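Enquirer: Pasted the sequence and its predicted model underneath.
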Amino acid sequence: MNGGAAMNGGAALNSGAGVNSGAAVNGPVGVAIVGCGTVSHQYLPTLAGYPDDVRVVVCADLDTGRAATVAKKYGVPLATDVPTAITHPDVELVVNLTVPAAHDAVAADAIAAGRHVYNEKPLSLDRASGARMLGAAAAAGVRVGGAPDTFLAPGLANALRAVNDGTIGTPQSALLIMQSPGPESWHHSPEFLYQHGAGPLFDIGPYYLTALTAAFGPAARVVALGRQAFAERTIGSGPHAGTTFPVEVPTHVTALIEFTNGMIATLVMSFDSPLGRTGLLEITGTAATLALPDPNRHRDHGRILRRGDTGWTELPVAPGDEDPHVARGLGVAEMARAIRAGVPHAASGTRALHVLDLMLSIAESADRGEYVTVASTFDPVTG
């Protein structure tokens, strides 16, 4: 499961510092699920598959009735309000599955209570609050982790090894494409996906850019263009079908990314295309081109086209691929294992903050029409 090199989480590495003194230092890490919406139904089955690493102690939500429903469905012992869950004496790690606008506040409360925190993507909505979160965690001696965690899945981790071990020669460039007509045809409440802080770049981009930075390390600068095909969109299904709503963000973004090691990438993220095309992440080296698995999925495998070949070859089955529990939430289990071992965790806060910084830099470049420097970094060697 620990397929990639562990990233420095930007916090103290001792498993007990800053955590409630009654917490166990051995055995599974006690977890609170905060936010019992749709994504919780993806995390909880995954976490149940790793009982040696994590034990979900409590579910919490602003709607305590919803928390009770989710807790009952997945056999979680307790459902309660958010403050009670965060301060529960058996909780060491808060899994923050709230809406993005609430990530900062929930994480701040968890850190103040001496708990580690793992945020769903994005880590935060802006650089300053993300940096404050990591700084507070470092001061408290606790860790911050962040989704997405697909780069830890066996298939993607196996493909990333092919980038780093010379299989494709010297890596040169990458191409990342996600195109669709947009989610409003099937999503019953798609408005938030077209508001500030969303759009194809911020909704889907984290999966692709996390995988890309796992391959190439930190980005140095970007230049981008963006446009908007429609000023309004129409909901196509559900109880609000036929309702129109305004579009606030670019719905097609094209970017060139230069990395600190000199490699380059071309990124296309679009909700404007009648042609649906997802999961395209290709890395070209001097000896071969590598097609990575869809970075928004945990179960796909990579392919390689070597110089002189006429067709693609499937990469061999990756170690750990037989694990039936690999899915969203894998990063939480990996983080819990790292806490107990006293080593850095891979889905780190510094990695998540760099991806956020990269997306914000792309958006700013598209708005200003100029190169933007990506100021943040993370350590691709220890991370």
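Expert: Perfect, thanks for sending it.

Enquirer: Could you check which helix or strand contains residue 221?
Expert: Per DSSP states H and E: residue 221 is located in strand 219-227.

Enquirer: helices and strands around that strand, which ones?
Expert: strand 252-259, helix 349-368, strand 372-373 (3 or more CB pairs under 8 Å, 6 or more residues apart in numbering; DSSP states H and E). C-betas here are computed from N, CA, C, even on glycine.

Enquirer: CSV please, covering the ones you listed and showing distance to residue 61, mean pLDDT and mean neighbour count.
Expert: Below are the helices and strands packed on strand 219-227 laid out as CSV (distance: least, CB to CB, whole Å; pLDDT from 0 to 100; neighbours: other CB atoms under 10 Å):
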stretch, distance to residue 61, mean pLDDT, mean neighbour count
strand 252-259, 33, 98, 22
helix 349-368, 23, 96, 24
strand 372-373, 37, 98, 16
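
Enquirer: Residue 218 is nearest to which of these?
Expert: Smallest distance to residue 218 across the helices and strands packed on strand 219-227 (CB to CB): 5.8 Å, for helix 349-368.

Enquirer: helices and strands around the closest one, which ones?
Expert: Using 3+ CB pairs under 8 Å, 6+ apart: helix 349-368 touches helix 127-140, strand 144-146, helix 199-203, helix 205-216, strand 219-227, strand 252-259, strand 372-373.

Enquirer: report the angle between the axes of the strand holding residue 221 and strand 252-259?
Expert: 170 degrees (axes from the mean of the first three to the mean of the last three CA atoms, to 10 degrees).

Enquirer: From residue 142, how far out is the residue nearest the centre of the chain?
Expert: In the chain, the residue lying closest to the centroid (CA atoms, centre = their mean) is residue 148, at 1.8 Å. Distance, residue 148 to residue 142, using CB to CB, to the nearest Å: 21 Å.

Enquirer: Likewise for residue 72?
Expert: For residue 72 relative to residue 142 (CB to CB), the value is 30 Å.

Enquirer: The two: which has the busier surroundings?
Expert: Higher neighbour count among residue 72 and residue 142: residue 142, with 27 against 11, using other CB atoms under 10 Å.

Enquirer: Is that one in contact with residue 117, as I believe?
Expert: Yes: counting by CB atoms under 8 Å, residue 142 touches residue 117, with 7.4 Å between them.

Enquirer: Give me the common contacts of the two.
Expert: residue 111 (CB atoms under 8 Å, 6 or more residues apart in numbering).

Enquirer: In stretch 98-110, which residues are buried?
Expert: Going by neighbour count (16 or more other CB atoms under 10 Å), the buried part of stretch 98-110 is 98, 100, 103, 104, 106, 107, 108, 109, 110.

Enquirer: Would you verify that the third one is located in a helix?
Expert: To tie it back to what came earlier, the one meant is residue 103. Yes: under DSSP: H, G, I helix; E, B strand; the rest coil, residue 103 sits within a helix.

Enquirer: quick one: the helices in the stretch 51-200 of the chain?
Expert: In the stretch 51-200 of the chain, helices defined by DSSP state H, counting those that start in this stretch lie at 64-74, 82-86, 103-112, 127-140, 154-164, 199-203, listed in chain order.

Enquirer: Looking at those, which one is packed in the most?
Expert: Highest mean neighbour count of the helices of the stretch 51-200 of the chain: helix 199-203, a mean of 26 (counted as mean count of other CB atoms under 10 Å).

Enquirer: I figured residue 232 hits residue 246, correct?
Expert: Yes: taking CB under 8 Å as the definition, residue 232 is a contact partner of residue 246 at 5.8 Å.

Enquirer: any idea how far the residue nearest to the centre of the chain lies from residue 247?
Expert: 25 Å.

Enquirer: quick revisit: run through who's touching the strand holding residue 221.
Expert: Under CB under 8 Å, 6+ apart, the answer for strand 219-227 is 201, 213, 250-260, 272, 354, 358, 361-363, 365-367, 369-374.

Enquirer: Need the CA coordinates for it. CSV is fine.
Expert: Extracted as CSV, the C-alpha positions of strand 219-227 are listed here (Å, rounded to 0.1, in the frame of the first residue of the first chain):
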residue,chain,number,x,y,z
ALA,A,219,6.4,22.9,-10.1
ALA,A,220,8.3,26.1,-10.6
ARG,A,221,6.1,28.3,-12.8
VAL,A,222,3.0,28.2,-15.0
VAL,A,223,1.4,30.1,-17.9
ALA,A,224,-2.3,29.5,-18.7
LEU,A,225,-5.4,30.6,-20.6
GLY,A,226,-9.0,30.1,-19.7
ARG,A,227,-12.4,30.7,-21.2
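
Enquirer: let's have the chain start at 55 instead
Expert: In the new numbering, first residue 55, that becomes strand 273-281.

Enquirer: The nearest residue to residue 292 once chain neighbours are set aside: what's it in contact with?
Expert: Using CB to CB, 6 or more residues apart in numbering and skipping the chain neighbours, the partner closest in space to residue 292 is residue 242 (3.1 Å). For residue 242, the contact set (CB under 8 Å, 6+ apart) comprises 289, 291, 292, 293, 294.
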